[in-house]
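Engineer: could you look at this predicted model? Sequence included:
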Number of protein chains: 2
Amino acid sequence: MSNQQRPSPTIIDVARAAGVSKSLVSLAIRGDAGVGSATREHILSVAHEIGYRSNLWARSLVRGRSQLVGVLLNDLHNTYHTDIVHGIEDAAAEQGLGVIISHGRREATVLAQRLEDVLALGVDGIVVISALLDPQLLRDAARRKPTVVVGRPPALPDTVGGVANHDERGARLAVEHLTSLGHRRIAHLTHSNRAAATARKQSYLDLMTALGYAEGIQVLDSEAGGETELLDSILVRRADAPTAVFASNDRRAASILGGALDAGLRVPEDLSIVGYDNTDLAASVRPGLTSVDQPRLAMGRLAMDILTEMLGGADARHEVVEPTLVVRGSTGRAAGTVN
Amino acid sequence: MSNQQRPSPTIIDVARAAGVSKSLVSLAIRGDAGVGSATREHILSVAHEIGYRSNLWARSLVRGRSQLVGVLLNDLHNTYHTDIVHGIEDAAAEQGLGVIISHGRREATVLAQRLEDVLALGVDGIVVISALLDPQLLRDAARRKPTVVVGRPPALPDTVGGVANHDERGARLAVEHLTSLGHRRIAHLTHSNRAAATARKQSYLDLMTALGYAEGIQVLDSEAGGETELLDSILVRRADAPTAVFASNDRRAASILGGALDAGLRVPEDLSIVGYDNTDLAASVRPGLTSVDQPRLAMGRLAMDILTEMLGGADARHEVVEPTLVVRGSTGRAAGTVN
DNA sequence: CTGAAAGCGCTTACAG
DNA sequence: CTGAAAGCGCTTACAG
């Protein structure tokens, strides 16, 4: 029952047990070429035997780095992040770097605090998977340790690395898919005024206008009754009711899908729906959500690659990756359209 | 553009700038009562001015602890974990402890490696939110640092703290709900042979038998065609086809819900479905999933409370919490049942 | 190929 | 109330 922990052995204990000096133990453990192989074998086996483990604090203190990178998530809940983290971890492992994860519980102030915590912990670099952080905070962080952001903060300082998907093109894929199915009145359901959401909206507006469907434009605020408004206009069969909606993310798309089904509407017959991010949710609901997919694993790797370069002294750089469209059952031909 | 970081100031820099000795700086920063308030103010303002931040490595090295706890997740993807983590964080913050998160990407071997990494990092204690870890590994971890498991590993050593929900009662809630709606032929969709799944299955078997519905028992392996088998038997209207299914978790429940809808079945008219865990997914799909809810936030807090006790030298203890049932649209009266 | 010494940044007794 | 000294566990030149 007792949970007493005995102090873990140090290189001095190993040195004593192996009958050598502690510097030799240090060299042997780190695989220094100047140690005889017989000696090294002996020291290593003794170390293993007495359960020696290198003390990361001492090692980091003297070396001035920890071989650790901190990953900050906006929100643990968002499955969108998961693949990005995996990409980061894969690339980090290849560099012999460990990864520590922290998250802001969707609060910018909490996230800022976590950034501070992770920095205080002594990581060698930081990847922020969030657009929630203030550019000034990012700039400050970058002054302390190489920092890369995945996502689209309001303005990315050039001292901070960046990876983002091409939101304009993603939105274009969504709108083009719908118009190719014959939709002319396509609503856009959004809320946030973050850069990514703004870019998606603007791209939607531009393309609708360019295609000559300006009259079919309808921007709805998902947090201000936009969802209800949209569904009502379809239910009462208003002539200008949209036949399709492009939501700025899957969460909103799933929400309006649920609302539509609850109201007795058929999807996609009465309403086609496109989301953004291609999260788990998109595949879990019925009908499945057509959604714009960001190459998340690749984005994570890319972020870590940029960080690795910066760790090596290179300047920060910004990369933009191409989204693709994943078509599922939530989109179909517009009513009255001939195939 | 350049990402040069200047070395951060140490207490020696602060001491020099403030015109005092470095020990005094250390005392002042840690708020030692023996430092005059004027002196303390002065030192603190100088420290702030030159951007001093305490070096965690050095501090941990000399104090022998880091004020950090490691949280290990089976899988970042599982939203079930999120609230537990929040509970842990809330309780940890009250103790002035920081939290580091790591995860096993659903692989027991990866998780074991992460456990090792987190231990090597020098955390003061560990909370494992997973039943994936071998009891022997847990025992070894507990010998090094206080360890608490949330979930139900095959066998929990008494040197390891534990928090779990009462799976037998949770399963009972699910089955009782269905029988109260008139269901007599209730299938159980499961796969894993982990302790939690086994307990849920056994409880289902016991209750069905005790209620006299032994003939309505049908255990299906979700990974071995069980889902298809179940749906087919309903589609071909076999006399003994189940009218309801209790899935051992929400993921399986959502999967069979999707399959049922894809096959043109109505839920709950043709099939009632109950899940377990009450994850986000349960509320996102349509109809919403009736699901057994574990008090996750409370479980996280409880785990951290137990860890705090152990950090103070107390023995490990095991707690079991009560699940509740959240009813949504996926369950309804059995066909032919009079209300 | 091996050992003695200095030092990373901090905390902790211990004198004054 | 304040300062000089030792030491946490390690790595890194530097002699031998």
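Structural biologist: Ah, there it is. Numbering: from 1, shown residues only, chains lettered A, B, ... in the order given.
Engineer: who in the stretch 51-200 of chain A is up against DNA strand C?
Structural biologist: When proximity is defined as CB under 7 Å from any atom of the strand, the stretch 51-200 of chain A approaches DNA strand C at A:58, A:61-62, A:64. The way it works is simple: take the backbone N, C-alpha and C, and place the C-beta from them, glycine included.
Engineer: so which residue is dead centre in chain A?
Structural biologist: Nearest residue to the geometric centre of chain A (CA atoms, centre = their mean): residue A:81, 3.7 Å.
Engineer: if we can go back for a sec, switch the residues of the stretch 51-200 of chain A next to DNA strand C over to a markdown table; also include secondary structure.
Structural biologist: Formatted as a markdown table, these follow (DSSP: H, G, I helix; E, B strand; the rest coil):
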| residue | secondary structure |
| --- | --- |
| A:58 | helix |
| A:61 | helix |
| A:62 | helix |
| A:64 | coil |
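Engineer: which of those residues are buried?
Structural biologist: Buried members of those, scored by 16 or more other CB atoms under 10 Å in any protein chain shown, are A:58, A:61.
Engineer: tell me the one among the residues of the stretch 51-200 of chain A next to DNA strand C nearest to chain B.
Structural biologist: Nearest to chain B among these is residue A:61, at 4.3 Å by CB to the nearest CB.
Engineer: tell me the contacts of the closest one?
Structural biologist: Taking CB atoms under 8 Å, 6 or more residues apart in numbering or on different chains as the criterion, residue A:61 is in contact with B:55, B:57-58, B:61.
Engineer: which residues pair with the residue in the stretch 151-300 of chain A positioned nearest to DNA strand D across the strands?
Structural biologist: Residue nearest to DNA strand D within the stretch 151-300 of chain A: residue A:161 (26.1 Å; CB to the nearest atom of the strand). In this entry, residue A:161 is beta-bridged to residue A:148, by DSSP bridges.
Engineer: and the strands in the stretch 201-339 of chain A?
Structural biologist: A:217-221, A:244-247, A:272-276, A:290-293, A:318-321, A:324-326 (DSSP state E, counting those that start in this stretch).
Engineer: the second one pairs with which strands?
Structural biologist: Strand pairing for strand A:244-247, using DSSP bridges, gives strand A:186-190 (parallel), strand A:272-276 (parallel).
Engineer: right, so those: which one is the most enclosed?
Structural biologist: Among these, the stretch with the highest mean neighbour count (mean count of other CB atoms under 10 Å in any protein chain shown) is strand A:272-276, at a mean of 30.
Engineer: hmm, back to that, got CSV for the strands paired with strand A:244-247, with distance to DNA strand D too?
Structural biologist: Shown next, in CSV, are the strands paired with strand A:244-247 (distance: least, CB to the nearest atom of the strand, whole Å):
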stretch, distance to DNA strand D
strand A:186-190, 51
strand A:272-276, 46
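Engineer: as CSV, those strands with mean pLDDT would be great.
Structural biologist: Below are those laid out as CSV (pLDDT from 0 to 100):
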stretch, mean pLDDT
strand A:186-190, 98
strand A:272-276, 98
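Engineer: in the host helix or strand of residue A:42, which residues are buried?
Structural biologist: For residue A:42, the enclosing helix or strand under DSSP states H and E is helix A:37-49. For helix A:37-49, a neighbour-count test (16+ other CB under 10 Å) marks A:40, A:43-44, A:46-47 as buried.
Engineer: near DNA strand C at all, that helix?
Structural biologist: Yes - residues of helix A:37-49 contacting DNA strand C under CB under 7 Å from any atom of the strand: A:37, A:39.
Engineer: show me what that helix is packed up against.
Structural biologist: On a contact count with 3 or more CB pairs under 8 Å, 6 or more residues apart in numbering or on different chains; DSSP states H and E, helix A:37-49 meets helix A:11-18, helix A:22-29.
Engineer: report the inter-axis angle for the last one versus helix A:37-49.
Structural biologist: The one in question is helix A:22-29. 90 degrees (axes from the mean of the first three to the mean of the last three CA atoms, to 10 degrees).
Engineer: distance between the worst-scoring helix or strand of chain A on mean pLDDT and the chain's centre?
Structural biologist: One helix or strand of chain A scores below all others by mean pLDDT, DSSP states H and E: helix A:22-29, with a mean of 84. Averaging C-alpha positions (CA atoms, centre = their mean, to the nearest Å) puts helix A:22-29 41 Å from its chain's average.
Engineer: okay, buried residues for that helix please.
Structural biologist: For helix A:22-29, burial by neighbour count (16+ other CB under 10 Å) applies to A:24-29.
Engineer: pull up the residues of the stretch 151-300 of chain A that are close to chain B.
Structural biologist: Applying CB under 8 Å from any CB of the partner chain, we find that the stretch 151-300 of chain A lies next to chain B at A:158-159, A:254, A:257-258, A:261-262, A:280-281, A:284-286.
Engineer: now, of those, which are buried?
Structural biologist: A:159, A:254, A:257-258, A:261, A:280-281, A:284-286.
Engineer: dump the residue contacts of the residue nearest to residue A:65 when sequence neighbours are not counted.
Structural biologist: Closest residue to residue A:65 in three dimensions, ignoring its sequence neighbours and counting by CB to CB, 6 or more residues apart in numbering or on different chains: residue A:124, at 4.9 Å. Counting by CB under 8 Å, 6+ apart, residue A:124 touches A:65-69, A:97, A:145-146, A:311.
Engineer: list the buried residues in the helix or strand harbouring residue A:115.
Structural biologist: Assigning secondary structure by DSSP H and E places residue A:115 in helix A:108-120. Across helix A:108-120, burial judged by 16+ other CB under 10 Å covers A:110-112, A:114-115, A:117-119.
Engineer: lowest-confidence one in the contacts of residue A:124?
Structural biologist: pLDDT is lowest at residue A:65 among these; the value there is 91.
Engineer: picking that back up, tell me which of the buried residues of helix A:108-120 is nearest to residue B:245?
Structural biologist: Among the buried residues of helix A:108-120, residue A:110 lies closest to residue B:245 (CB to CB), at 39.9 Å.
Engineer: ok, that closest one touching residue A:117?
Structural biologist: No - the pair formed by residue A:110 and residue A:117 falls short of the contact definition of CB atoms under 8 Å, at 10.2 Å.
Engineer: three-state assignment of residue A:101?
Structural biologist: Per three-state DSSP, the secondary structure class of residue A:101 is strand.
Engineer: quick one: contacts for it?
Structural biologist: When contacts are counted by CB under 8 Å, 6+ apart, residue A:101 is found next to A:70-71, A:73, A:85, B:76, B:100-103.
Engineer: I'd like to know how far it sits from residue A:262.
Structural biologist: Between residue A:101 and residue A:262 the computed distance is 36 Å (CB to CB, to the nearest Å).
Engineer: residue A:69 - that's part of a helix, no?
Structural biologist: No - read with three-state DSSP, residue A:69 is strand and lies in no helix.
Engineer: quick check: it touching residue A:306?
Structural biologist: No - between residue A:69 and residue A:306 there is no contact under CB under 8 Å: 11.7 Å.
Engineer: tell me where the model's unsure across chain A.
Structural biologist: Applying pLDDT under 70 to chain A flags the ranges A:1-6, A:336-339.
Engineer: and residue A:36, how many neighbours does it have?
Structural biologist: 10 (other CB atoms under 10 Å in any protein chain shown).
Engineer: next one: phi and psi at it?
Structural biologist: Dihedral pair for residue A:36: phi -60, psi 140, per degrees, to the nearest 10.
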